[in-house]
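Undergrad: predicted model, plus sequence, below.
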Amino acid sequence: MSLAVRDGGTLAVVGESGSGKSMTFLSALGLVASPGRVQRGEVRIGGAEILGRTPEQLRRLRGAVVSMIFQDPLTALNPVFTIGEQIVEVLRAHSGLGRAAARARAVELLARVQIPDPSRRIDDYPHQLSGGQRQRVLIAMAIALSPKVLIADEPTTALDVTVQAQILDLLADLQAETGMALVLITHDLGLVARYADDVAVMYAGRLVEVGSIEEVFSAPRHPYTRALFRSIPRLDGPVDEELPAIEGQPPNVARLPPGCAFEPRCTLGHGRADCCTKRPLPLAGDRAGHRSACFHADRLDQMEAAR
């Protein structure tokens, strides 16, 4: 696993449920619950290493340097405290503001994320807000300290299409204002195409393809990425078209096969000796920044044509 996102840029991390998207970034922030642990690696923000720091040092970094918007706002927010109390707690814990000043800043943040009548809604409890409004509250908490990196973990899950667009547009506006780097964890390739600069595709806990949006969407170089794209309905396709599904089930990540983890489900590499017995080198087949962990990345078109 090797990823990078630049100041002001958006990196999308995509893959099906269980591929390791959320766990990767929880690990990076030191938020893996016991008995899970980070065995090795590096996590650098602006050149500064954050892995290996004490819990107190990590607590000070979270929010101020890197923030995360969690998947489910209803469970991420404490139901027995008002949204204002929860934002004020973040501000007071990290910036030392007094209660009155922190409350005034919380109202400003709620207005910034477009919560209507923020001076009144600040005293509401999470259950009194809609799903989209709760997501906006989480965003307000995440940007309260102007972090350099914002990790948005499925920020539009369970929201309708209109609210999804509003949330993503809000994140894009905040990013333009502050210059923060944004990591968008999602399984929605439509959102990726609209909002991201670069995309990383994960399967079974490993990266299988990384590149710019233009490169990956125009010429995917891994069979899994191609299979994901084929499963997306097209507006110009037949109304009764049956979308191809990826056959089989994802592997147990605790007992991965010796070769390529996608080989048992791959329509191009299934049964091939190299795919069955050797694990592709991490992002083998490097070419101009567009990288794929596939032995046959440069000849997938020919292999598909020969099927």
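TA: Perfect, thanks for sending it.
Undergrad: how many residues are close by R136?
TA: 24 (other C-beta atoms under 10 Å). Using the backbone N, CA and C atoms, a C-beta is placed for each residue, glycine as well.
Undergrad: list the contacts for it?
TA: 110, 113-115, 167, 170 (C-beta atoms under 8 Å, 6 or more residues apart in numbering).
Undergrad: again, but for D197
TA: 9-11, 212-213.
Undergrad: cool, and T157?
TA: 71-72.
Undergrad: measure it to E56 for me?
TA: As for T157, its distance to E56 is 32 Å (criterion: C-beta to C-beta, to the nearest Å).
Undergrad: one more: G63?
TA: Taking C-beta to C-beta, one finds G63 at 13 Å from E56.
Undergrad: tell me, which helix in the chain spans the most residues?
TA: helix 161-178 (DSSP state H).
Undergrad: okay, the angle between the helix or strand following it and helix 161-178?
TA: Using DSSP states H and E, the next helix or strand after helix 161-178 towards the C-terminus is strand 181-186. Using axes from the mean of the first three to the mean of the last three C-alpha atoms, to 10 degrees, the direction of strand 181-186 lies 160 degrees away from that of helix 161-178.
Undergrad: got the contact list for strand 181-186?
TA: Outside strand 181-186, the residues that reach it (C-beta under 8 Å, 6+ apart) are 5-14, 21-22, 25, 148-156, 171, 175, 191-192, 195-196.
Undergrad: try it again with 6 Å
TA: For strand 181-186, contacts defined as C-beta atoms under 6 Å, 6 or more residues apart in numbering pick out 5, 7, 9-13, 21, 149-154, 175.
Undergrad: do the same with stretch 294-306
TA: With C-beta under 6 Å, 6+ apart, stretch 294-306 has contacts from 221-222, 268, 274, 280, 285.
Undergrad: please repeat the previous calculation with a cut-off of 10 Å.
TA: 208-209, 219-226, 259-260, 262, 266-269, 272, 274-275, 278-281, 283-287, 290-292 (C-beta atoms under 10 Å, 6 or more residues apart in numbering).
Undergrad: pLDDT of it, averaged?
TA: The average pLDDT within stretch 294-306 is 87.
Undergrad: what is the end-to-end distance of it?
TA: 18 Å (C-alpha to C-alpha, to the nearest Å).
Undergrad: just how off-centre is that stretch within its chain?
TA: Relative to its chain's centre, stretch 294-306 lies at 29 Å (C-alpha atoms, centre = their mean, to the nearest Å).
Undergrad: buried stuff in that stretch?
TA: Neighbour-count burial for stretch 294-306 flags 294-297, 300 (criterion: 16 or more other C-beta atoms under 10 Å).
Undergrad: buried subset of the contacts of strand 181-186 as a PyMOL selection?
TA: The buried residues among the contacts of strand 181-186 can be selected in PyMOL (16+ other C-beta under 10 Å) with this line:
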select buried, resi 5+9+10+11+12+13+21+149+150+151+152+153+154+175
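Undergrad: what is the nearest of the contacts of strand 181-186 to F70?
TA: D153 (5.7 Å; C-beta to C-beta).
Undergrad: what residues are bridge-paired with that closest one?
TA: I185 (DSSP bridges).
Undergrad: is it true that F81 touches I122?
TA: No: taking contacts as C-beta atoms under 10 Å, F81 lies outside contact range of I122: 11.7 Å.
Undergrad: right, I'll call it a day here.
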